[in-house]
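Peer 1: Have a look at this fold, sequence not included:
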(Lines give C-alpha, C1' and ligand atoms only; values in the text may rest on other atoms or scores of the structure.)
Protein backbone atom coordinates (compact mmCIF):
# COMPACT_ATOMS: atom_id res chain seq x y z
CA UNK A 1 0.00 0.00 0.00
CA UNK A 2 1.33 3.41 -0.91
CA UNK A 3 2.39 5.78 1.86
CA UNK A 4 -0.37 8.43 2.03
CA UNK A 5 2.09 10.93 3.51
CA UNK A 6 4.61 10.57 0.71
CA UNK A 7 4.41 13.30 -1.89
CA UNK A 8 4.96 13.02 -5.62
CA UNK A 9 8.57 12.77 -6.69
CA UNK A 10 9.99 15.93 -8.23
CA UNK A 11 12.72 14.04 -10.10
CA UNK A 12 12.08 14.25 -13.87
CA UNK A 13 12.83 10.55 -14.39
CA UNK A 14 9.94 9.67 -12.04
CA UNK A 15 7.32 11.83 -13.76
CA UNK A 16 4.37 10.10 -15.45
CA UNK A 17 4.05 10.84 -19.13
CA UNK A 18 0.86 11.96 -20.80
CA UNK A 19 1.31 9.60 -23.73
CA UNK A 20 0.97 5.83 -23.80
CA UNK A 21 3.03 5.17 -26.94
CA UNK A 22 6.82 5.46 -26.62
CA UNK A 23 8.71 7.41 -29.27
CA UNK A 24 10.00 5.12 -31.99
CA UNK A 25 9.28 3.35 -35.29
CA UNK A 26 5.89 1.72 -35.91
CA UNK A 27 3.76 0.10 -38.58
CA UNK A 28 0.26 1.50 -38.98
CA UNK A 29 -1.58 -1.81 -38.87
CA UNK A 30 -5.07 -0.28 -39.07
CA UNK A 31 -6.56 3.20 -39.50
CA UNK A 32 -10.25 4.03 -39.72
CA UNK A 33 -12.90 6.60 -38.91
CA UNK A 34 -14.56 5.65 -35.63
CA UNK A 35 -15.92 6.77 -32.29
CA UNK A 36 -13.75 7.03 -29.18
CA UNK A 37 -15.58 6.55 -25.87
CA UNK A 38 -12.75 7.48 -23.49
CA UNK A 39 -12.94 4.00 -21.92
CA UNK A 40 -16.70 4.30 -21.53
CA UNK A 41 -16.70 7.76 -19.94
CA UNK A 42 -18.41 9.13 -23.05
CA UNK A 43 -20.80 6.31 -24.05
CA UNK A 44 -21.88 7.93 -27.32
CA UNK A 45 -18.26 8.46 -28.30
CA UNK A 46 -16.64 11.28 -30.24
CA UNK A 47 -15.48 11.15 -33.88
CA UNK A 48 -11.81 10.22 -34.06
CA UNK A 49 -9.25 8.76 -36.41
CA UNK A 50 -8.49 5.41 -34.78
CA UNK A 51 -4.96 4.16 -35.46
CA UNK A 52 -3.49 0.82 -34.42
CA UNK A 53 0.31 0.95 -34.27
CA UNK A 54 2.57 -2.10 -34.13
CA UNK A 55 6.15 -1.86 -32.85
CA UNK A 56 9.02 -4.00 -34.11
CA UNK A 57 8.80 -6.15 -30.97
CA UNK A 58 5.18 -7.02 -31.80
CA UNK A 59 3.54 -4.82 -29.15
CA UNK A 60 0.49 -2.90 -30.32
CA UNK A 61 -1.03 0.44 -29.32
CA UNK A 62 -4.37 1.94 -30.33
CA UNK A 63 -4.32 5.73 -30.52
CA UNK A 64 -7.43 7.88 -31.07
CA UNK A 65 -7.03 11.28 -32.73
CA UNK A 66 -10.14 13.36 -32.05
CA UNK A 67 -11.50 14.85 -35.28
CA UNK A 68 -14.40 17.01 -34.06
CA UNK A 69 -17.78 16.71 -32.37
CA UNK A 70 -20.90 14.65 -33.03
CA UNK A 71 -22.84 17.66 -34.26
CA UNK A 72 -20.57 18.07 -37.24
CA UNK A 73 -18.91 14.70 -37.89
CA UNK A 74 -19.90 11.03 -37.86
CA UNK A 75 -17.89 8.05 -39.14
CA UNK A 76 -19.31 6.18 -42.12
CA UNK A 77 -20.64 2.68 -41.42
CA UNK A 78 -17.58 1.09 -43.07
CA UNK A 79 -15.12 3.33 -41.19
CA UNK A 80 -13.82 4.64 -44.50
CA UNK A 81 -14.44 8.37 -43.97
CA UNK A 82 -16.15 11.08 -41.90
CA UNK A 83 -19.51 12.52 -42.94
CA UNK A 84 -21.72 15.37 -41.74
CA UNK A 85 -24.75 13.99 -39.84
CA UNK A 86 -27.09 16.32 -41.75
CA UNK A 87 -25.55 15.79 -45.15
CA UNK A 88 -23.70 19.09 -45.18
CA UNK A 89 -20.01 19.54 -45.95
CA UNK A 90 -17.95 17.55 -43.45
CA UNK A 91 -14.84 19.18 -42.02
CA UNK A 92 -12.26 17.88 -39.55
CA UNK A 93 -11.70 20.36 -36.71
CA UNK A 94 -8.62 22.46 -37.45
CA UNK A 95 -6.10 22.42 -34.63
CA UNK A 96 -7.45 19.23 -33.08
CA UNK A 97 -5.54 15.99 -32.60
CA UNK A 98 -6.66 14.51 -35.94
CA UNK A 99 -5.70 17.69 -37.78
CA UNK A 100 -2.29 17.71 -36.08
CA UNK A 101 -1.70 14.04 -36.93
CA UNK A 102 -2.67 14.47 -40.58
CA UNK A 103 -0.53 17.60 -40.73
CA UNK A 104 2.47 15.71 -39.36
CA UNK A 105 2.01 13.00 -42.00
CA UNK A 106 1.82 15.57 -44.78
CA UNK A 107 4.87 17.43 -43.44
CA UNK A 108 6.79 14.14 -43.38
CA UNK A 109 6.03 13.66 -47.08
CA UNK A 110 2.97 11.40 -47.11
CA UNK A 111 0.79 12.18 -50.14
CA UNK A 112 -2.78 12.26 -48.79
CA UNK A 113 -5.34 11.43 -51.47
CA UNK A 114 -9.09 11.79 -51.11
CA UNK A 115 -11.07 11.29 -47.91
CA UNK A 116 -10.41 7.64 -47.04
CA UNK A 117 -8.97 7.28 -43.54
CA UNK A 118 -7.88 3.74 -44.41
CA UNK A 119 -5.23 4.92 -46.88
CA UNK A 120 -2.65 5.08 -44.08
CA UNK A 121 -2.74 1.32 -43.41
CA UNK A 122 0.61 -0.31 -44.14
CA UNK A 123 2.62 2.88 -43.60
CA UNK A 124 5.75 2.69 -41.44
CA UNK A 125 6.44 5.84 -39.44
CA UNK A 126 8.61 7.30 -36.70
CA UNK A 127 6.51 8.72 -33.85
CA UNK A 128 7.45 11.52 -31.49
CA UNK A 129 5.22 12.57 -28.59
CA UNK A 130 4.17 16.21 -28.89
CA UNK A 131 2.10 18.54 -26.73
CA UNK A 132 -1.59 17.82 -27.30
CA UNK A 133 -4.21 20.47 -28.09
CA UNK A 134 -5.21 22.22 -24.85
CA UNK A 135 -8.92 22.16 -25.66
CA UNK A 136 -11.50 24.73 -24.72
CA UNK A 137 -11.38 23.89 -21.02
CA UNK A 138 -7.59 23.69 -20.91
CA UNK A 139 -7.64 20.15 -19.52
CA UNK A 140 -5.24 18.84 -22.15
CA UNK A 141 -2.40 21.25 -21.33
CA UNK A 142 -0.19 18.54 -19.77
CA UNK A 143 -0.97 15.78 -22.27
CA UNK A 144 0.97 14.67 -25.30
CA UNK A 145 0.03 12.82 -28.47
CA UNK A 146 2.22 10.78 -30.82
CA UNK A 147 2.75 12.56 -34.13
CA UNK A 148 4.68 11.49 -37.22
CA UNK A 149 8.20 12.88 -37.58
CA UNK A 150 9.22 10.63 -40.49
CA UNK A 151 7.58 8.34 -43.03
CA UNK A 152 9.77 5.25 -43.39
CA UNK A 153 7.69 3.50 -46.03
CA UNK A 154 4.18 3.37 -47.44
CA UNK A 155 1.89 0.81 -49.02
CA UNK A 156 3.08 2.07 -52.40
CA UNK A 157 6.78 1.90 -51.66
CA UNK A 158 9.58 3.40 -49.57
CA UNK A 159 9.27 6.69 -47.75
CA UNK A 160 9.76 10.06 -49.47
CA UNK A 161 13.29 10.92 -50.45
CA UNK A 162 14.97 13.64 -48.42
CA UNK A 163 17.64 15.69 -50.13
CA UNK A 164 21.02 15.22 -48.47
CA UNK A 165 24.47 16.51 -49.40
CA UNK A 166 26.42 14.14 -51.63
CA UNK A 167 28.96 12.19 -49.55
CA UNK A 168 32.65 12.80 -50.09
CA UNK A 169 34.04 9.71 -51.78
CA UNK A 170 37.54 8.50 -51.11
CA UNK A 171 39.49 5.83 -53.00
CA UNK A 172 38.48 2.38 -51.85
CA UNK A 173 35.30 3.60 -50.13
CA UNK A 174 32.93 0.72 -49.33
CA UNK A 175 29.50 0.87 -50.95
CA UNK A 176 26.31 0.12 -49.04
CA UNK A 177 25.82 -3.09 -51.03
CA UNK A 178 29.35 -4.22 -50.24
CA UNK A 179 28.78 -3.51 -46.55
CA UNK A 180 25.66 -5.64 -46.55
CA UNK A 181 27.50 -8.43 -48.34
CA UNK A 182 30.41 -8.27 -45.92
CA UNK A 183 28.14 -8.60 -42.89
CA UNK A 184 26.09 -11.43 -44.38
CA UNK A 185 25.23 -14.23 -42.00
CA UNK A 186 26.67 -17.60 -43.05
CA UNK A 187 23.52 -19.29 -41.81
CA UNK A 188 21.23 -17.93 -44.50
CA UNK A 189 23.52 -16.01 -46.83
CA UNK A 190 21.65 -12.76 -46.24
CA UNK A 191 22.47 -11.31 -42.83
CA UNK A 192 21.40 -7.65 -42.84
CA UNK A 193 19.17 -8.41 -45.83
CA UNK A 194 16.62 -9.78 -43.35
CA UNK A 195 15.44 -6.23 -42.61
CA UNK A 196 15.44 -5.37 -46.31
CA UNK A 197 13.37 -8.45 -47.08
CA UNK A 198 10.86 -7.58 -44.36
CA UNK A 199 10.40 -4.06 -45.75
CA UNK A 200 9.96 -5.41 -49.29
CA UNK A 201 7.40 -7.96 -48.13
CA UNK A 202 5.48 -5.30 -46.21
CA UNK A 203 5.28 -3.11 -49.32
CA UNK A 204 4.18 -6.03 -51.52
CA UNK A 205 1.51 -7.12 -49.01
CA UNK A 206 0.13 -3.60 -48.71
CA UNK A 207 -0.63 -3.51 -52.45
CA UNK A 208 -1.71 -7.17 -52.84
CA UNK A 209 -5.44 -8.04 -53.19
CA UNK A 210 -6.91 -8.31 -49.68
CA UNK A 211 -3.35 -7.70 -48.43
CA UNK A 212 -2.74 -11.44 -48.90
CA UNK A 213 -0.27 -13.37 -51.07
CA UNK A 214 1.02 -16.93 -51.46
CA UNK A 215 4.59 -17.81 -50.53
CA UNK A 216 5.49 -18.74 -54.11
CA UNK A 217 4.15 -15.51 -55.60
CA UNK A 218 5.74 -13.47 -52.82
CA UNK A 219 9.20 -14.88 -53.51
CA UNK A 220 8.75 -14.16 -57.22
CA UNK A 221 7.61 -10.57 -56.58
CA UNK A 222 10.56 -10.00 -54.24
CA UNK A 223 12.95 -11.31 -56.91
CA UNK A 224 11.47 -9.02 -59.58
CA UNK A 225 11.50 -6.01 -57.28
CA UNK A 226 15.11 -6.58 -56.21
CA UNK A 227 16.23 -7.15 -59.80
CA UNK A 228 14.88 -3.73 -60.80
CA UNK A 229 16.69 -2.01 -57.91
CA UNK A 230 20.39 -1.33 -58.66
CA UNK A 231 21.23 -1.44 -54.94
CA UNK A 232 19.58 -4.83 -54.45
CA UNK A 233 20.12 -6.56 -57.78
CA UNK A 234 23.23 -8.35 -56.55
CA UNK A 235 21.20 -9.81 -53.67
CA UNK A 236 18.02 -10.69 -55.57
CA UNK A 237 18.54 -14.44 -55.20
CA UNK A 238 19.20 -14.20 -51.45
CA UNK A 239 16.12 -12.00 -50.96
CA UNK A 240 13.99 -14.40 -53.03
CA UNK A 241 15.24 -17.28 -50.89
CA UNK A 242 14.18 -15.51 -47.68
CA UNK A 243 10.73 -14.63 -49.00
CA UNK A 244 10.21 -18.21 -50.13
CA UNK A 245 11.38 -19.80 -46.88
CA UNK A 246 8.36 -20.93 -44.82
CA UNK A 247 10.36 -21.12 -41.59
CA UNK A 248 11.81 -17.63 -42.10
CA UNK A 249 8.39 -16.16 -42.85
CA UNK A 250 6.94 -17.63 -39.66
CA UNK A 251 9.93 -16.58 -37.57
CA UNK A 252 9.78 -12.99 -38.85
CA UNK A 253 5.99 -12.61 -38.86
CA UNK A 254 5.75 -10.70 -35.59
CA UNK A 255 8.51 -8.19 -36.24
CA UNK A 256 7.62 -7.96 -39.93
CA UNK A 257 3.98 -7.08 -39.35
CA UNK A 258 2.30 -10.02 -41.07
CA UNK A 259 0.69 -13.35 -40.19
CA UNK A 260 1.36 -16.65 -41.98
CA UNK A 261 1.02 -20.41 -41.84
CA UNK A 262 4.12 -20.72 -43.98
CA UNK A 263 2.23 -20.85 -47.27
CA UNK A 264 -0.11 -17.85 -47.22
CA UNK A 265 1.03 -14.45 -45.93
CA UNK A 266 -1.34 -11.68 -44.82
CA UNK A 267 -0.65 -8.12 -43.71
CA UNK A 268 -1.20 -7.67 -39.98
CA UNK A 269 -0.89 -10.09 -37.07
CA UNK A 270 -3.36 -12.47 -35.50
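Peer 2: All right, it came through fine. On a predicted model such as this, the values are computed, not experimentally measured, just so you know.
Peer 1: what about the helices in the stretch 101-250 of the chain?
Peer 2: Per DSSP state H, counting those that start in this stretch, the stretch 101-250 of the chain carries helices over the ranges 176-182, 193-207, 215-228, 236-243, 246-251.
Peer 1: And the last one, what's buried?
Peer 2: By that I understand helix 246-251. Buried residues in helix 246-251, counting neighbours by 16 or more other Cβ atoms under 10 Å, are found at 248-249. Bear in mind the C-beta positions are built from the backbone N, C-alpha and C, glycine included.
Peer 1: What is the subsequent helix or strand relative to that helix?
Peer 2: Downstream of helix 246-251, the next assigned helix or strand under DSSP states H and E is helix 253-256.
Peer 1: following that following helix, which helix or strand comes up?
Peer 2: Proceeding N to C from helix 253-256, the next assigned helix or strand is strand 258-260, under DSSP H and E.
Peer 1: Parallel or antiparallel, which strands does that following strand pair with?
Peer 2: Here strand 258-260 has these sheet partners by DSSP bridges: strand 264-267 (antiparallel).
Peer 1: Need the contact partners of the strand it pairs with.
Peer 2: The set of residues external to strand 264-267 that reach it, using Cβ atoms under 8 Å, 6 or more residues apart in numbering, is 121-122, 201-202, 205-206, 208, 210-215, 218, 249, 257-260.
Peer 1: Would you mark the buried spots in it?
Peer 2: Within strand 264-267, the residues scored as buried using 16+ other Cβ under 10 Å are 265-267.
Peer 1: Report the rounded mean pLDDT for the one helix or strand residue 32 maps to.
Peer 2: Assigned by DSSP H and E, residue 32 falls within strand 24-36. Mean per-residue pLDDT for strand 24-36: 95.
Peer 1: repeat for stretch 53-60
Peer 2: 92.
Peer 1: List the buried residues for that stretch?
Peer 2: Quick answer for stretch 53-60 (16+ other Cβ under 10 Å): 53-56.
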